[in-house]
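Peer 1: predicted model and sequence follow; I will ask about them next.
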Amino acid sequence: IDDAYLLMAKANFYKQEYIPARRTFDYVANSYKDDEIIYVANLWLAKTFIETQQYPKAESLLQSLIVATAENDKMPKYVRNNLDLVLADYYIKTKKYEEAIRYLKNALQKDLNKDIKARTMFVLGQIYASQGDNENATEQFKSVIKKHPGYEMTFESQMNLAKCHNSKDTTDIMKMFWKMLKDSKNIEYKDRIFYAMSDVALRRDNEELGIKYLRNSVAASTNNNRQKVKSSLKVASMLFDNKDYVLSQAYYDTVVMTMDRTYPEYDSLLNLSVMLSDLVDNLTTYQLQDSLLRLVEMDSVSRNKIILEVIEEYKAEQERLAKEKELQEQLALLGGDEIANPNMSAPMSSGGNTSWYFYNQVSLTRGAAEFKNKWGNRTLEDFWFVSNKRSMMTEEENLENELLEYFSEEELASLSEEEIDKLLEER
């Protein structure tokens, strides 16, 4: 019964229903005092107090568990392995990071499973990085990657490695980024990868390359509005400082179109975008009129030369559009109209949720690419995954196909089995 109560309390905890969770943990801790389960219940009760920001109560329980663990050799294994982790969580929440580091290091000495150990290293790396201790942070993130955790954990560790990179030689880190960009699993993360690449470039004082990677980040952002706003805002500010007002206005416009209207700086950014839009309109008008005046003042030979250049540019653009259309048609044959036209509006629920696989453009594109890499171009038919379909036929089906090579269906219908056998022997 006590285990059932404990399980019920854990379920409430994971559902973030902390009041019933606290009551049930407290009930178990007070009702089964002769059972070691009280220590487990008290540890979970401390976790509940931490989540509800009742830090004095959490600290009191944790200190009592430290004393009990030191005095009791038969303390449940769960408590021994997890007490340091809960203490670390408490000190992180109360912003006492040095204490948190001490308990995280202690936890790594315990008998933890691979995933929890990788998560502990990752958190330790994050704390070191926040303190500017990039050397220790790098060591922890590399250790996480060596543990081969889930893909998202590996990805986040790689991204944090880039942030902690201090060396002027960025060859290795950039190689890692390009490898990540080629990985089909990272299609939906390309915006974050390009943003991290821009950070590396800007740390090397290569502003031109940094702006290029930021623009790539915005272009690659499909379903991560937060990253799209972050990249757009940064590149818009840099372009504005460089007095490239036309491009700057375009990215500020992207910011206000994507940003949540409740964002504190939304109104000021909107006003800036509107003012830049007016400025760009005036600049465009000025540049057009200035170009026309220069054309009028030119001699006919120079003017005709410029006109021919414009015509060639127009033809080149039309060729590019034709090739793009052909590519879209080929993609349509591979994966359907949805893949061929990435801008097509997919059916959505009233909340605009595209989490279902076939409404998620990124998932469709990635799935089609992975299918083609594995299977090649396959005709849509029964048993498409079998290259030698003849081997799947029964003896009777093989005989029928062989006969049809020599006789029409009408001829076969008029012949007896003996006549067919005789004709086959003759052939």
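Peer 2: Looks like it came in fine.
Peer 1: which other helices and strands does the lengthiest helix in the chain contact?
Peer 2: Longest helix in the chain by number of residues (criterion: DSSP state H): helix 300-335. In terms of contacts (3 or more Cβ pairs under 8 Å, 6 or more residues apart in numbering; DSSP states H and E), helix 300-335 is packed against helix 337-340, helix 361-375. The way it works is simple: take the backbone N, C-alpha and C, and place the C-beta from them, glycine included.
Peer 1: so which helix or strand of this protein has the lowest pLDDT on average?
Peer 2: helix 337-340 (a mean of 42; mean pLDDT, DSSP states H and E).
Peer 1: weakest of the helices and strands packed on helix 300-335 in terms of mean pLDDT?
Peer 2: Lowest mean pLDDT within those: helix 337-340, at a mean of 42.
Peer 1: return the set of buried residues in the helix or strand encompassing residue 292.
Peer 2: Element membership for residue 292, per DSSP states H and E: helix 266-297. Within helix 266-297, the residues scored as buried using 16 or more other Cβ atoms under 10 Å are 269-270, 272-273, 276, 280.
Peer 1: for stretch 186-199, same thing?
Peer 2: Quick answer for stretch 186-199 (16+ other Cβ under 10 Å): 186, 188-199.
Peer 1: now do stretch 45-55
Peer 2: For stretch 45-55, burial by neighbour count (16+ other Cβ under 10 Å) applies to 45-51.
Peer 1: repeat for stretch 75-93
Peer 2: Neighbour-count burial for stretch 75-93, counted by 16+ other Cβ under 10 Å, picks out 75-76, 79, 82-92.
Peer 1: tell me the one of the residues you listed nearest residue 286?
Peer 2: Of all the buried residues of stretch 75-93, residue 92 has the smallest distance to residue 286: 56.1 Å, by Cβ to Cβ.
Peer 1: contacts only, for residue 121.
Peer 2: Residues in contact with residue 121 (Cβ atoms under 8 Å, 6 or more residues apart in numbering) are 108, 140-141, 143-144, 147.
Peer 1: kindly apply the preceding question to residue 15 instead.
Peer 2: Listed by Cβ under 8 Å, 6+ apart, residue 15 has no contact partners.
Peer 1: tell me the pLDDT of it.
Peer 2: You'll see residue 15 listed with a pLDDT of 92.
Peer 1: now do residue 318
Peer 2: pLDDT, read off for residue 318, is 89.
Peer 1: now residue 218
Peer 2: 90.
Peer 1: what's in contact with the host helix or strand of it?
Peer 2: Secondary-structure assignment from DSSP H and E places residue 218 in helix 207-220. Contact partners of helix 207-220, identified using Cβ under 8 Å, 6+ apart, comprise 190-192, 194-195, 197-199, 201-202, 227-228, 231-232, 234-235, 238-239, 251, 254.
Peer 1: likewise for stretch 83-103?
Peer 2: By Cβ under 8 Å, 6+ apart, stretch 83-103 touches 43, 46-47, 50, 53, 55, 58-59, 62, 65-66, 69, 104, 106-107, 110, 116, 120, 123-124, 127-128, 130-131.
Peer 1: end-to-end on that stretch?
Peer 2: Stretch 83-103 has its terminal residues 9 Å apart, counting by Cα to Cα, to the nearest Å.
Peer 1: now do that stretch, average pLDDT.
Peer 2: For stretch 83-103, the mean pLDDT works out to 93.
Peer 1: repeat for stretch 300-311
Peer 2: On average, stretch 300-311 scores 84.
Peer 1: starting at the chain centroid, how far to that stretch?
Peer 2: Averaging C-alpha positions (Cα atoms, centre = their mean, to the nearest Å) puts stretch 300-311 48 Å from its chain's average.
Peer 1: CA atoms only for that stretch, dumped as CSV, please.
Peer 2: Taking Å, rounded to 0.1, in the frame of the first residue of the first chain, the C-alpha atoms of stretch 300-311 are listed here in CSV:
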residue,chain,number,x,y,z
SER,A,300,23.2,56.5,-77.2
VAL,A,301,26.0,53.9,-77.3
SER,A,302,26.5,53.9,-73.5
ARG,A,303,22.7,53.9,-72.9
ASN,A,304,22.1,51.0,-75.3
LYS,A,305,24.9,49.0,-73.6
ILE,A,306,23.2,49.4,-70.2
ILE,A,307,19.9,48.4,-71.7
LEU,A,308,21.4,45.3,-73.1
GLU,A,309,22.9,44.4,-69.7
VAL,A,310,19.5,44.7,-68.1
ILE,A,311,18.0,42.5,-70.8
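Peer 1: got the contact list for that stretch?
Peer 2: 295, 298.
Peer 1: can you tell me the centre-most residue of this protein?
Peer 2: residue 189 (3.9 Å; Cα atoms, centre = their mean).
Peer 1: torsion angles phi and psi at that one?
Peer 2: phi -110, psi 0 (degrees, to the nearest 10).
Peer 1: I figured it hits residue 152, correct?
Peer 2: No - applying Cβ atoms under 8 Å as the test, residue 189 and residue 152 come out as separate, 9.3 Å apart.
Peer 1: where does the stretch 301-427 of the chain have low pLDDT?
Peer 2: Residue ranges of the stretch 301-427 of the chain with pLDDT under 70: 331-366, 368-427.
Peer 1: kindly recompute the last result at 80.
Peer 2: Regions of the stretch 301-427 of the chain meeting the criterion pLDDT under 80 cover residues 327-427.
Peer 1: one more: the stretch 151-300 of the chain?
Peer 2: Across the stretch 151-300 of the chain, residues meeting the criterion (pLDDT under 80) sit at 165-170, 260-273, 275-292, 295.
Peer 1: chain neighbours aside, what residue packs nearest to residue 125?
Peer 2: In space, and not counting its chain neighbours, residue 125 is closest to residue 140: 3.3 Å by Cβ to Cβ, 6 or more residues apart in numbering.
Peer 1: coming back round to it: could you list the buried residues of the helix holding residue 218?
Peer 2: 210-218, 220.
Peer 1: next: stretch 165-183.
Peer 2: The neighbour-count check on stretch 165-183 (16+ other Cβ under 10 Å) flags 165, 170, 173, 176-177, 180-181 as buried.
Peer 1: related to what we said a few turns ago, got the contact list for the residue nearest to residue 125?
Peer 2: 121-122, 124-125, 128.
Peer 1: okay, and which of those residues map to strands?
Peer 2: Under the assignment DSSP state E, the contacts of residue 140 contribute nothing to strands.
Peer 1: can you redo those as TSV with pLDDT and distance to residue 327?
Peer 2: Output for the contacts of residue 140, formatted as TSV (pLDDT from 0 to 100; distance: Cβ to Cβ, whole Å):
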residue	pLDDT	distance to residue 327
121	94	44
122	93	40
124	93	47
125	93	42
128	92	46
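Peer 1: sounds good, over and out.
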